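Novice: sequence and predicted structure, then a few things I'm wondering about:
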Amino acid sequence: MVDQATTDVVILGGGLAGLTLAVQLKNARPETDVVILDKREGLAPEAAFKVGESTVPAGAHYFAEIVAMKEHLEKFHLKKNGLRFFQPAGGNHDLTKRIELGPREFPAHNNYQIDRGRFENELTRMALDAGVDLRQGASITDVELREGDADHTVSYTQGGEPRTISARWLVDAAGRAHFVKRKLGLSREVSHTINASWFRLAGGIDLEEWGKDDPRWMERMNRAGIRKFSTNHLMGEGYWVWLIPLGSDHISVGVCADPRIHPYDEIRTFEKVQEWLRANEPQLAEVVDGRTGDIADFITLEDFAFSTDRVYSPDRWMLVGEAGAFVDAFYSPGSDMIGYGNSVTTDLVVRDFAGEEIAERLEFYNDFHLRTFRFVLSKVEDHYPAFGNPAVMVPKLCWDAMLNHVGVVLVFVKNRFLDYDFMRRVRGDLEKLYAVNDRVQQVFRDWNELEKVVTDGPANAYVPAKAIKDSHATLVVDYTDDELAAEISRDVRVAEALAVAVFHRAARGLGVTPDPEVPVNPYAISLRPDDWQRDGLHTGPVLLTLAQAEEISEGSQGLFADPLLDGAA
């Protein structure tokens, strides 16, 4: 059989982004000819394959409902008990003394921990069954991108033979190979310079074993044994360590570290990581040191974050997944961004083949995708120095928890993301959420310079703020368009109120303390008094006193560190 030399859509890369896109395209328009060029040959190994195992609501919804993987996820992967965070305490020798923020029970909206090898093998089967032309062992040698109505051309080798294929649509889903970005010079650096190393450990780890002799700590969960199903974050100044269980009875363990505090050389090799864990996370180090024979792999990556000038082009090329931009694994946003990118790509391809004009829609979503990327980046950029400071991180983690479940996430989970008219209707409120978040994130950065807290523990139980619980609950509510638009507007009001509350709490460290009875503009808050008048701290269309802010948010319990700490210094 001779491979066809032309197709409707050619996808570079047969990993998570490329395979899910191919399945989504065939589901949406079965007659679309889709070719995937993938360098891998054969099936992917389980467990020791790729990171990107943790999903949050938008990504989980994309895989389960849009790509129709729900049955596979529930049968062969693990239901996830949300994100869980542990602040440092007393040298990190006793997990029960550390401030813990995380759900007491599995969230109402199902999320999953994914074994990437197992998952991508199933996607491969689905793609082949749908009629996708998957060409494995294909090494890309060049891409020729054409303007106007001409087809793009990809040159590649397969089985030692040079080949070419032309397509109306070209999608780069080949991750960090960045074929299109390098060809067009679209790469954009970001100041978020973080390094990572990770490995998979056979047999898993149940961190509740570390605290099973403390009944008070064990009783904080609604039932024993569910902490291990979270994406657990062990945090300290300049770093976090992930613990992600996999359905293949392995656990993924990774270290992300700011080189200003923890130089890359300290985590460059597995032996270095072992030494680093002994110094920073001794309880985890003890487990790893005793089970080195169970290590399945080790991978390291320097300076992993990057951006791009464009993701969707009117010349019919697209960048999805890590072929476009990547921030950080801290809040597990990778699958969310894949879902957004693949869904827009599918929508534009289908409309184009139906003869519709797509230019205006394409530019709207391109701009929105890049703005959403900056929103995701703002939550981690230059925050690693505060990761070990509970005075800042407890309210920040709570703020981020709310923002991670509203806005674009809610719109996507409620299947309105591709409703262009609805998106234009709510874009103003989505931008307000992004804008107020930008202000609050800078407050957190500056707050870390003003107030440092170190604790030996123990910590009191975490009580989530009402705004956080409400934001999670909205994901499983059915809405009309008017009701969903109203919910997004309500979320904006709550975010504005919480921003004012955060400002007043953070400003205690200033020499000039704001009067709580004087109304404050949440879009002008800062911890830089010299800027207050210029920025309009006390002027603008939205002004709230502290009492008004607390009334709107129905209290800010759980947003501040003070009631959570015993023995803080």
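Specialist: Received it, and whenever you're ready, just let me know what you need.
Novice: and the strands in the stretch 401-550 of the chain?
Specialist: Counting by DSSP state E, counting those that start in this stretch, the stretch 401-550 of the chain forms no strands at all.
Novice: hmm, I typed the wrong one, I wanted the stretch 251-400 of the chain.
Specialist: 295-301, 307-308, 317-319.
Novice: what's the weakest-modelled helix or strand in the protein?
Specialist: Every helix and strand in the chain was compared by mean pLDDT, DSSP states H and E; the lowest is helix 466-473, with a mean of 87.
Novice: any idea how far Ala486 is from Leu527?
Specialist: 33 Å (Cβ to Cβ, to the nearest Å). Every residue, glycine included, has its C-beta placed from N, CA and C.
Novice: should've said Ala173
Specialist: Distance from Ala173 to Ala486, by Cβ to Cβ: 37 Å.
Novice: who has more neighbours out of the two?
Specialist: Ranked by neighbour count (other Cβ atoms under 10 Å), Ala173 and Ala486 place Ala173 first, with 32 against 13.
Novice: give the contact list for that one.
Specialist: Residues near Ala173 by Cβ atoms under 8 Å, 6 or more residues apart in numbering: Ile11, Leu12, Gly13, Gly14, Gly15, Ala17, Gly18, Leu21, Val320, Gly321, Ala323.
Novice: hmm, Ala17 and the last one touching each other?
Specialist: Put plainly, it is Ala323. Yes: with contacts counted by Cβ atoms under 8 Å, Ala323 reaches Ala17, the gap being 7.3 Å.
Novice: looking at the two, which is more packed in?
Specialist: Just comparing Ala323 and Ala17: by other Cβ under 10 Å the higher neighbour count belongs to Ala17, 30 against 27.
Novice: check contacts around the nearest residue to the more buried one once chain neighbours are set aside.
Specialist: Spatial nearest neighbour of Ala17, excluding adjacent residues (Cβ to Cβ, 6 or more residues apart in numbering): Gly321 at 3.0 Å. Taking Cβ under 8 Å, 6+ apart as the criterion, Gly321 is in contact with Gly13, Gly15, Leu16, Ala17, Gly18, Ala173, Gly175, Gly334, Met337, Ile338, Gly341.
Novice: and of these, the nearest to Gln441?
Specialist: Met337 (18.6 Å; Cβ to Cβ).
Novice: what's around the closest one, how many residues?
Specialist: Met337 is flanked by 24 other residues according to other Cβ under 10 Å.
Novice: how about it, what does it touch?
Specialist: Per Cβ under 8 Å, 6+ apart, neighbours of Met337: Gly321, Gly324, Ala325, Phe326, His369, Thr372, Phe373, Val376.
Novice: buried residues in the least confident helix or strand of the chain?
Specialist: With burial defined by 16 or more other Cβ atoms under 10 Å, the residues of helix 466-473 counted as buried are Lys466, Ala467, Ile468, Asp470, Ser471, His472.
Novice: now swap in stretch 68-85 and tell me
Specialist: Residues of stretch 68-85 classed as buried: 69, 72-73, 76-85 (neighbour count, 16+ other Cβ under 10 Å).
Novice: which two in the residues you listed are spaced the farthest apart?
Specialist: His72 and Phe85 (29.1 Å).
Novice: circling back to that earlier point, how close does the residue nearest to Ala17 sit to Val171?
Specialist: From Gly321 across to Val171, the span is 10 Å (Cβ to Cβ).
Novice: spit out the residues that contact those two alike.
Specialist: With Cβ under 8 Å, 6+ apart as the test, Gly321 and Val171 both reach Gly18.
Novice: any idea how far stretch 31-44 is from the chain center?
Specialist: 26 Å (Cα atoms, centre = their mean, to the nearest Å).
Novice: buried set for that stretch?
Specialist: Under 16+ other Cβ under 10 Å, the buried positions of stretch 31-44 are Thr32, Asp33, Val34, Val35, Ile36, Leu37, Asp38, Lys39, Ala44.
Novice: the nearest residue to Gln441 once chain neighbours are set aside: neighbour count?
Specialist: Nearest-residue entry for Gln441: Ser378, 4.7 Å, with adjacent residues in sequence omitted and distances by Cβ to Cβ, 6+ apart. Residues contacting Ser378 under the criterion other Cβ under 10 Å number 22.
Novice: surely Ser378 and Val440 touch.
Specialist: No: the criterion here is Cβ under 8 Å, and Ser378 misses it with Val440 at 9.1 Å.
Novice: can you pull the contacts of Leu78?
Specialist: Applying Cβ under 8 Å, 6+ apart, we find Leu78 in contact with Tyr112, Gln113, Phe229, Pro245, Leu246, Gly247.
Novice: report the contact partners of the fifth one.
Specialist: Right, the one you point to is Leu246. Going by Cβ under 8 Å, 6+ apart, the list of residues near Leu246 reads Ala47, Glu53, His77, Leu78, Gln113, Ile114, Asp115, Arg200, Gly204, Ser252.
Novice: again, only using 7 Å
Specialist: Contacts for Leu246 were tallied using Cβ atoms under 7 Å, 6 or more residues apart in numbering; they are Ala47, Glu53, Gln113, Asp115, Ser252.
Novice: likewise for the fourth one?
Specialist: With contacts defined as Cβ under 7 Å, 6+ apart, Pro245 is in contact with Leu78, Gln113, Gly204, Lys228, Phe229, Ile251.
Novice: is it true that the last one touches Asp206?
Specialist: Translated: Ile251. No: assessed by Cβ atoms under 7 Å, Ile251 is found out of contact with Asp206, at 9.2 Å.
Novice: between these two, tell me which one has more neighbours.
Specialist: More crowded of Ile251 and Asp206, by other Cβ under 10 Å: Ile251, with 27 against 16.
Novice: for the more buried one, what are its contacts?
Specialist: Arg200, Leu201, Gly204, Ile205, Leu243, Ile244, Pro245.
Novice: which residue lies nearest the spatial centre of the protein?
Specialist: Pro333 (1.4 Å; Cα atoms, centre = their mean).
Novice: name the nearest of the contacts of Ile251 relative to Arg220.
Specialist: For those, the nearest to Arg220 is Leu243 (17.7 Å; Cβ to Cβ).
Novice: in the sheet, which strands lie alongside the biggest strand by length in the chain, parallel or antiparallel?
Specialist: Taking DSSP state E as the criterion, the chain has its longest strand at strand 161-172. Sheet pairing of strand 161-172 (DSSP bridges) gives strand 6-12 (parallel), strand 152-158 (antiparallel), strand 317-319 (parallel).
Novice: and the helix or strand just after that strand, what's buried?
Specialist: Toward the C-terminus, strand 161-172 is succeeded by helix 179-184 as the next helix or strand (DSSP states H and E). Across helix 179-184, burial judged by 16+ other Cβ under 10 Å covers Phe179, Val180, Lys181, Leu184.
Novice: Thr308 is in contact with the third one, correct?
Specialist: If I follow you right, that is Lys181. Yes: the criterion here is Cβ under 7 Å, and Lys181 meets it with Thr308 at 5.8 Å.
Novice: list residues touching both of these two?
Specialist: Common neighbours of Lys181 and Thr308 (Cβ under 7 Å, 6+ apart) are Ser187, Leu319.
Novice: picking up where we left off before, can you list the contacts of Pro245 in JSON lines and add pLDDT and distance to Thr292?
Specialist: Below are the contacts of Pro245 laid out as JSON lines (pLDDT from 0 to 100; distance: Cβ to Cβ, whole Å):
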{"residue": "Leu78", "pLDDT": "95", "distance to Thr292": "24"}
{"residue": "Gln113", "pLDDT": "95", "distance to Thr292": "23"}
{"residue": "Gly204", "pLDDT": "95", "distance to Thr292": "15"}
{"residue": "Lys228", "pLDDT": "95", "distance to Thr292": "21"}
{"residue": "Phe229", "pLDDT": "96", "distance to Thr292": "25"}
{"residue": "Ile251", "pLDDT": "95", "distance to Thr292": "14"}
